[in-house]
Every structure is written in C-alpha cells, then in structure tokens.
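J.: Here is a sequence together with a model predicted from it:
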Amino acid sequence: MEKEIYLDNAATTPVHPDIAKTVMECMVNDYGNPSSLHRLGLNAEKKLKAAREELAMALGVNADGIFFTSGGTEANNLAIIGTALARKNRGKHCITTQIEHPSVLNTFKYLEKEGWEVTYIPADRQGIVDPDDVANAVRPDTVLISIMHVNNEIGSIQPVKDIGRLIKGKGMTPVFHVDAIQSFGKIDLKPESWGIDILSVSGHKIHAPKGVGALYIRKGIKVHPVHWGGGQEGGVRSGTENVPGIVGFGEAVRWIENDVDKKYLYLLKGILVAGLKERVSEMVINGPEPQHGAPHILNVSFPPVRGEVMLHALEDKGVYVGTGSACSSRRGNVSPVFEATGLGKEIAQSAIRISLSYMNTEDEIYRAVDLIEKCVRELEGFTRR
Amino acid sequence: MEKVLLLRYGEIHLKGLNRPYFERVLLSNIEKALEAYGDVKVIKAQGRYYIENLGDDPRIYDAVSRIFGIISFSPALKVEKSMDAIRKAAELQLKEAMEAQGDFNELTFKVESRRSDKSFPLNSMELSRVIGAHLLKNFSGIKVDVHQPMVTINIEIREWAYVYHRIISGAGGMPVGTNGKAALMLSGGIDSPVAGWMISKRGVKLTAVHFHSFPYTSDRSKEKVIELCRILTRYCGPIRLYVVPFTRIQQELYQKCPDNMLTLLMRRFMMKIGEIIAGKEGASVLITGESLGQVASQTLESLIVTDDAVSMPILRPLIGMDKIEIIDIAKEIDTYETSILPYEDCCTIFVPKHPLTKPRLDRIREAETLVEGEELIKEAVANVEVIDIKG
C-alpha cells in the first residue's frame, strides 16, 4: 500500500515534525515550573510568554487576554460556565445554536439542569444561523451568547461578525463567546473588531500536540474559575501550565502565520470537489456550497453506501476520513447537526467528512479522489435493500 | 499465624473413580488462575484446597471467585493446634466480623468446630464451648445465638487449626477441561458470551469463532470481540479465537439469493464454518447464544433450518431465557458493558426488511445452491486469523 493519506484533520492533525522537535527540546531543557522563583522557573515562564504573544499576535489582541487551558473542551466549558457563574446575579438566560459541538451543547444542558434557561437557535439547510434570529432571542436577562465559528461536521461558517455587531449595536449587554476551534488558523478571525468577548481555540487542530488550548478573554470581561488551585493563568485556570504543549501551540501558530499560505486549503478543497463531482456524480454535498464553507471541511454522502462502511473501505486503501455524524444501524440516531439542518436520514447515514490540513499535498488529493471512486464502485452493489 | 484461603469444591464428590482426575484438573486451573499473584502455594487436602503465601493483593479474592468448580471459599487464619493460638485467632476473627457488621446493638454469634484430627484433646462440642466462653468473656456487646447468629466463628482442626468467619460463594460448576471442548460462535453481542460462560461453567473448554465483514464491520468490532474473550478467560482459561473473513460470503448471498432468506443462509454458512473449525480444534459441539423467538432467525422453524446445516450438535444454553435474564448474567460476568459498544457486527448488516419466520427447509436448501458454497467456505477457512487469548 502507498503511504497513508490522512484526511481526518477536523478530528485532529498530525503534529508537524518541526513543532514536535521544539516541544521535545522544551520538555528536556526547560523543565522548570513557571511558578518557581529560580532561573529554571523563569526560563519556562519566558517560553510561556513567547507562546502567549504568538497567539495574541495571530488574533490581533493583547497577550494578557490569552489564558491557556488543557484543550478546546475545557476552554468551552470554562467560557460558558465561568460566564454564567460570573453573571448569575444579572440573569440566567443564554443563547446558543442547535449545531454546536458537544463540549458546548452538553455544557448548556448542564446549566439547564442547574437552573439556567437556554435558547437554541436553529440553522438552515446550509448549516448557518440567521443573525437576526440570534438578536431577536436576546432578552433583558440574557447573559451569554455562544456561537461556533466553523461547524465541525459540515464546515458551515457562522456569521459571527454580523452577530457581534447586531447584539452590541443595540446597547445590549450579553457576553459573546465564539468557539473558534475549527476556524483558528484557517480563516479570518478578528475578535476585537467583531465584538467577540471570549474565544476558544485548540492546539491539536493546527498541528500542535493534544492537551493544549486557550481562551481569549476581552479585558473587563469576568470569567469565574471552575476549579481552584495555585492561581496560574491569572487565577482563571489554576494548575501548573503544560509548558511543552503551550510552546508547541505557539510554534504552530507562528508557523501558520508566517510560513503558510491560507489560500492553500481552498486550493486543495477545490481539487477535491471538482474531482469527486466529475468522477462520482451521485455525490451529495452536505451543508454549504464548498466555496462558502470552511476551507478544510467537506461533508459528502454517496448514497446508498453507508458512511461507516465507506470509512472502513477507504481505511483499507490507506485513506483516513471521518463520519462526523456517528450513526451505526445499532444506534440508528442521526447527529444533531444533521437533524438541525434537515438532511434526510439516508443522506445523514451515508455522510463522510473529508477534512484537510496544510500538510496534505495536491497529489494526495488526486489519489484520494481515485480511491474514493473505487470504493463507491465496489460498494454500491451491496447496500441494504 | 498465617492468612490463608480455604477453597471448597462441590460436585466433584459425585464423580466416583474419576475423582482424582477432576481434582487434578481443578488444582491446575487454580494454579493458572492465580499465576499473576506471585508465589502463592496451592495445597490439596481432604475435600478442599488451601492457598498459602497469599500476599496482600485483594484482587486474588475475585480471581478465586471466578474459578469453575469452587463452590465457596473462606479467608482463614492458619495456626498451631494449641488452645492459646486458637483463642487468639478466634479473637481476631470476631473482631474483624464485628467491624464488618457495622451498626448493631448486640452482636449474636456462635462457634462451630470440626475435628478431623481425633488426637486433638477436645472434641468439637467441647472446643466450641471453650472458645465461645472465652470470646464472651473478652468482648462486650456480644451474645450467643446458636440458631440464627449474625456471625459464625468456624474452627477446623486438621494438620493445622484453621479459624474463619466468612464463607464467600464461588462460581460453582465444574473444572474447565473436565467435560471436553466446544466451539463458541461469538458475535460480539450480549448473548453469545453468556452462552459460552454457561457451557464453560459445566467444565467445557472453549474455542471461539467470530465472523468479520470488513469494511462492513471495523477493526473496533474485532477488538471488541477480543476484549470479550479476554473477559471470558478469567473464568474459562485461555481461549483460541478464530476470526473468519465473511465479507465475500455475505456479498455473494446478497447478490444471488432471495432477500428474506439472507439471515438464515448466513447462519447456515456460519455453522458450517464453525463445524470445520471445531473439527480442527478437537471440539465436539457448537455453542450459540440463540434464545427462542428473540429474532426471526431464532424461531423454532428457523432453528431447525440452522441445525440442518451441520451434523455437529449445537448447544443453546440460553434457549429458554428472557433477554432480561441474559442481561443480568452478562452484567454479573462483566461482559455487558463491552457487548453494548455500538460497533456493527456481521449479523446486523444486510438484514432483510422482512425476514422469514417460518422458513421451509427445502426452499432454503435450494436457495443455498445458488452460490458456490463449498468454494466460499474453503476460501474463508483458508484465510482465518487465529488469535490466542491468554487473559
């Protein structure tokens, strides 16, 4: 078999070898605890500061607004619960969408159990929410609005810029949180000018190691801590910092900001879509038109071949993709995103998610198109009648 | 004074002249099951085993409780046959029992003695009375109740004196390996591991056969079956798992045979392949997790059709059980949580919308000739993957 082709980058990305080297060096040489008073501690603290500045620079924000976490899930939890707790005396109403990642949806489910009220805004067939729907849902007691930037399953891009403008423009006060875990490093993101108060990002989606993420919190916005300890990260997120992971995150951001052409992902996606459209005419694209969606996510169905079967058949040929909507015939359920966007059950069950990274090559995409076509042809005769 | 385990075995008593054989197998099974617990020593005595050199890993109790052939066991203190030592041991055991009882106003107890060493100066009755009186004098808040005591302090006088208060139920059944070998058709669902466990409990060694339909089933579903085998090995000893590539057979059946017969035809092929593997392994029967009427392929008529595929007997220990009863056992033997992992297995793909529930054997046999059965089976058997699972 030829070298594997990894196209499940929305799940996680391979760590870039140069970044891995930087992380390794940091582990071995800068092993001090940033809170220690001695020189080794200071060295580690300097590394943290440099990484913080890389993130701040990429986002166009102040470095003291960056708070490192253990990853995207923790960042989302902290943003939502921390804001809800900080504002519980002002009101207990929150707004989010029906198509959020589980780390947001399930956090709101928890808040509901604890007495908060949550409005879930629906998305259209393209997986996009209407900014007016969000603005119209705002009440005097709304304390938090949480909207994802890029949907992880179908790659739809939410109009967070418009939403930010609408909700701020009317003198309303809710905190605006954006889960930018899928978008950071891939598309334009300007929290300051878009009216975003809190933003979640994650390292392993952009070739840094797993186990590191961050929140940007606008100056003046209070986030109540959700666990307690030595007061690291301004007391917002106690716990000894994952210095090597954070250094890797910083290095990944630096690499993407300086050495990568962000248009490259759209180029790859274009090759992929054109190739598949030509070769597999029965393909259905789920979610937004490819050029309107995120550059790295393409969700497609090859009905009636089921997504899980397609995934394993591709794996056998060395191509790794995701299903996004995990639905086996046993569970028989459809992912909330597909439910929310009103795609039929058959389309949902045959959906696969192909997601790209800066480390994929054009040649890989051409080969993947060949192999996808081959799998569809092999499998189309053997589907449930 | 040493902490030991005292193991009692059950039905072996019934086996007359075979008894030494059964005891030997059980001894070896105990030794293998406790291999991981360091230098434990298993000693055979009249009607029981002692485990010495226990170490302090509490998981050894779980390991013992899973050995088929053991009906019960007791953590005991092994002491010299002197009254002083026995008194001291009885005190310790009573103290432990009181702590385990938790809240009570007055603890009722009795002492029960057995004496196989008749040279011991006191007889059983006398020994119980003397130790009982000693305990009454030295503990407050306790009272003798010979009919329904909360705690029984047992004393056994043998080569040594053994004192204990707990009797823990064992797995029961018969030593694995004393009743031959069977091939278990293991799908990965809830039923088949329970079926294998039940037959193995009667002393049967298991080999397992799993049908794998990549890409319709994934490496995860295979991993799940390996994990189920691993759980079963805690009871049944090492299991050899045969993973049979089944995709081609399912695809051929799908293309050439009537839709409503697919599941039955598939099961017939499974039985045929199972029979061949059983033959290779020296297993004399097949085991399935079928339960009457649970699904279309498990009606009486369907079972007849399945049986017809092979000449080897098929054991179906779950045949008269309700799903809920099967689930209870699965939970007890720890296979349930693994069984319900949501990966596809080969039985859930290519399921006909309206499967036959009253199939006619002649029609099924006829449909079967639509594919090159022998060729397909030969190819599948030639490509099996063999995985030895030691546990």
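T.: Received the coordinates, thanks.

J.: ranges for the strands of the stretch 51-200 of chain B?
T.: B:70-79, B:107-115, B:142-144, B:151-157, B:161-164, B:168-169, B:181-185 (DSSP state E, counting those that start in this stretch).

J.: Point out the residues in chain B that sit beside chain A.
T.: Contact residues (C-beta under 8 Å from any C-beta of the partner chain) of chain B with chain A: B:214-219, B:251, B:254-255, B:259, B:342-344, B:348-353. Yep, even glycine has a C-beta here, placed from its N, CA and C like the rest.

J.: Narrow those residues to those in helices?
T.: B:219, B:251, B:254-255 (DSSP state H).

J.: which strand residues sit across from the closest residue to residue A:55 other than its chain neighbours in the sheet?
T.: The shortest distance from residue A:55 to any non-neighbouring residue, by C-beta to C-beta, 6 or more residues apart in numbering or on different chains, is to residue A:66 (5.0 Å). Judged by DSSP bridges, the bridge partners of residue A:66 are residue A:216.

J.: check contacts around residue A:66.
T.: A:52, A:55-56, A:59, A:214-216 (C-beta atoms under 8 Å, 6 or more residues apart in numbering or on different chains).

J.: Please give the element, helix or strand, for whatever residue of chain A ends up closest to chain B.
T.: When scored by C-beta to the nearest C-beta, chain A has residue A:312 as its residue closest to chain B, at 3.3 Å. Element membership for residue A:312 (DSSP states H and E) is helix A:307-316.

J.: Mind listing what's buried along that helix?
T.: Neighbour counts over helix A:307-316 (16 or more other C-beta atoms under 10 Å in any protein chain shown) mark A:307-315 as buried.

J.: list the helices and strands it packs on?
T.: strand A:351-355, helix A:362-379 (3 or more C-beta pairs under 8 Å, 6 or more residues apart in numbering or on different chains; DSSP states H and E).

J.: excluding its backbone neighbours, what's nearest the residue of chain B found nearest chain A?
T.: Across chain B, the shortest distance to chain A (C-beta to the nearest C-beta) belongs to residue B:215, at 3.3 Å. Nearest residue to residue B:215, sequence neighbours excluded (C-beta to C-beta, 6+ apart): residue A:312, at 3.3 Å.

J.: quick one: residue A:159 and residue A:133 touch, right?
T.: No. In this structure, residue A:159 is not within contact of residue A:133 by C-beta atoms under 8 Å, at 10.9 Å.

J.: got a pLDDT number for residue B:103?
T.: Reported pLDDT at residue B:103 in the predicted model: 73.

J.: list the buried ones in the host helix or strand of residue B:264?
T.: Using DSSP H and E, residue B:264 sits within helix B:262-281. Across helix B:262-281, burial judged by 16+ other C-beta under 10 Å covers B:262-278, B:281.

J.: cool, and stretch A:178-196?
T.: For stretch A:178-196, by 16+ other C-beta under 10 Å, it's A:178-187, A:189, A:191, A:194-196.

J.: swap in stretch B:162-179?
T.: In stretch B:162-179, counting by 16+ other C-beta under 10 Å, buried: B:162-166, B:170-179.

J.: Could I get the average pLDDT for it?
T.: pLDDT averaged over stretch B:162-179 gives 94.

J.: just the CA coordinates of it, formatted as PDB?
T.: Output in PDB follows, covering the C-alpha atoms of stretch B:162-179 (Å, rounded to 0.1, in the frame of the first residue of the first chain):
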ATOM      1  CA  TYR B 162      -8.000 -23.000  60.700                       C
ATOM      2  CA  VAL B 163     -10.200 -20.300  62.100                       C
ATOM      3  CA  TYR B 164     -12.500 -18.200  59.900                       C
ATOM      4  CA  HIS B 165     -15.900 -16.300  59.900                       C
ATOM      5  CA  ARG B 166     -16.600 -15.600  56.200                       C
ATOM      6  CA  ILE B 167     -17.900 -18.100  53.600                       C
ATOM      7  CA  ILE B 168     -17.900 -16.500  50.200                       C
ATOM      8  CA  SER B 169     -19.700 -18.100  47.300                       C
ATOM      9  CA  GLY B 170     -17.600 -19.400  44.400                       C
ATOM     10  CA  ALA B 171     -18.500 -19.700  40.800                       C
ATOM     11  CA  GLY B 172     -19.800 -23.300  41.200                       C
ATOM     12  CA  GLY B 173     -19.900 -25.600  38.200                       C
ATOM     13  CA  MET B 174     -17.100 -28.000  37.300                       C
ATOM     14  CA  PRO B 175     -13.400 -27.600  36.500                       C
ATOM     15  CA  VAL B 176     -12.900 -26.300  33.000                       C
ATOM     16  CA  GLY B 177     -11.400 -29.100  30.800                       C
ATOM     17  CA  THR B 178     -13.100 -32.000  32.500                       C
ATOM     18  CA  ASN B 179     -16.000 -32.000  30.100                       C
END
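
J.: Go through the buried residues of helix A:307-316 and name the one nearest residue A:202.
T.: Relative to residue A:202, the closest of the buried residues of helix A:307-316 is residue A:311; by C-beta to C-beta it sits at 23.1 Å.

J.: Now do the residue of chain B positioned farthest from its centre, the pLDDT please.
T.: Going by C-alpha atoms, centre = their mean, the residue of chain B most distant from its centre is residue B:137, 44.9 Å out. The per-residue pLDDT reported for residue B:137 equals 94.

J.: how close does it get to residue B:104?
T.: As defined by C-beta to C-beta, to the nearest Å, residue B:137 lies at a distance of 20 Å from residue B:104.

J.: repeat for residue A:195
T.: From residue A:195 over to residue B:104 (counting by C-beta to C-beta), the distance is 67 Å.

J.: picking that back up, which of the buried residues of helix A:307-316 sit farthest apart?
T.: A:307 and A:315 (12.4 Å).
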